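[1] Pasted the sequence and its predicted model underneath.
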Amino acid sequence: MSASARDTTEFFDQLTNKVLALRVLSHQRLRPLTSEQLNRRPGYDKWSAAQCLEHLNLVGGYYLPNLKARLRLAQASGSTAGAQVRSGWLGRYFTSTTQDRNGLGDNLLRRPKQYAPTGTRLTGTVVESFNRQLDELLRLLLLARQVDAGAVRIPNPLYPWLRLRLTDVFEALVIHLQRYVKQAEQVAVATANK
């Protein structure tokens, strides 16, 4: 089996477990924070915990409806899951650029302005919206187990003509979630001591 082919059940189990861990972390550590704690920034040019979550909500606002629509189309066309899922070379590159290489904030892909946080005084609803998006992502991961996820293509928000495999988008999205939740948690801890 090549590096790009993985067992379908194992692939989705790993992603589901990562999202469940994020959900627990969000409920235990981010949900109890006050609005003041969520909005405290470690520096003028640094994001608050709420801004990190707002960024994730904006990204999820693009991807989750697209994922849902594409999965429904795949189901309607009679797509069925195979024993393995595959990643394309472009998807592997996209996923690797999503990973944090040199500390939080360093990334090969620039963050588009439409996905930057909308304000500096966000309410606690940003955490609730984030938790709802995690729940939706869990539902979509369950749906994806039933179709040929490698055959489903998702348009990239920056370049809509660029369509990545569903498997690659899911993997990159989960890594992106982990990265910014970690940043939000670190910011909340760092600013609580000030």
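    Sure thing, it's come through.

[2] going forward, measure contacts and count neighbours with C-alpha atoms only.
    Will do.

[3] Distance of the nearest residue to T123 once chain neighbours are set aside relative to G43?
    Counting by Cα to Cα, 6 or more residues apart in numbering, T123 lies nearest to S35, which is 5.6 Å off, once chain neighbours are set aside. Distance of S35 to G43, computed by Cα to Cα, to the nearest Å: 17 Å.

[4] Equivalent analysis for H55, please.
    Counting by Cα to Cα - H55 and G43 are separated by 17 Å.

[5] Residue nearest the middle of the protein, spatially speaking?
    L173 (3.2 Å; Cα atoms, centre = their mean).

[6] circling back to that earlier point, so which of H55 and G43 has more stuff around it?
    Shown here are H55 and G43; by other Cα atoms under 10 Å, H55 has more neighbours (23 against 10).

[7] That one is in what secondary structure piece?
    Using DSSP states H and E, H55 falls within helix 49-76.

[8] which element is I154 on?
    Short version, using DSSP H and E: I154 is in strand 153-155.

[9] Does anything pack onto that strand? Which helices or strands?
    Secondary-structure packing of strand 153-155 (3 or more Cα pairs under 8 Å, 6 or more residues apart in numbering; DSSP states H and E): helix 49-76, strand 163-165, helix 166-192.

[10] Out of these, which gets nearest to L25?
    helix 166-192 (8.6 Å; Cα to Cα).

[11] surely A49 meets A188?
    Yes. Taking contacts as Cα atoms under 8 Å, A49 lies within contact range of A188: 6.0 Å.

[12] Overlap in contacts, these two.
    The overlap between the contact sets of A49 and A188 (Cα atoms under 8 Å, 6 or more residues apart in numbering) consists of L38, R40.

[13] quick one: A21 from L56, how far?
    16 Å.

[14] Check P157 too.
    Note on P157: its distance to L56, by Cα to Cα, is 14 Å.

[15] Comparing the two, which shows the higher neighbour count?
    The residue with more neighbours, out of P157 and L56, is L56; 23 against 14, by other Cα under 10 Å.

[16] That one: what's it in contact with?
    L56 is in contact with F130, L177, Y180, counting by Cα under 8 Å, 6+ apart.

[17] Skipping adjacent residues, who's closest to the second one in space?
    Put plainly, it is L177. L56 (6.8 Å).

[18] Which SSE is immediately downstream of the lowest-mean-pLDDT helix or strand in the chain?
    For the chain, using mean pLDDT, DSSP states H and E, the weakest element among its helices and strands is helix 89-98, scoring a mean of 66. Using DSSP H and E, the helix or strand that follows helix 89-98 in sequence is helix 125-144.

[19] Mind listing what's buried along that next one?
    With burial defined by 16 or more other Cα atoms under 10 Å, the residues of helix 125-144 counted as buried are 126-131, 133-134, 136-138, 140-141, 144.
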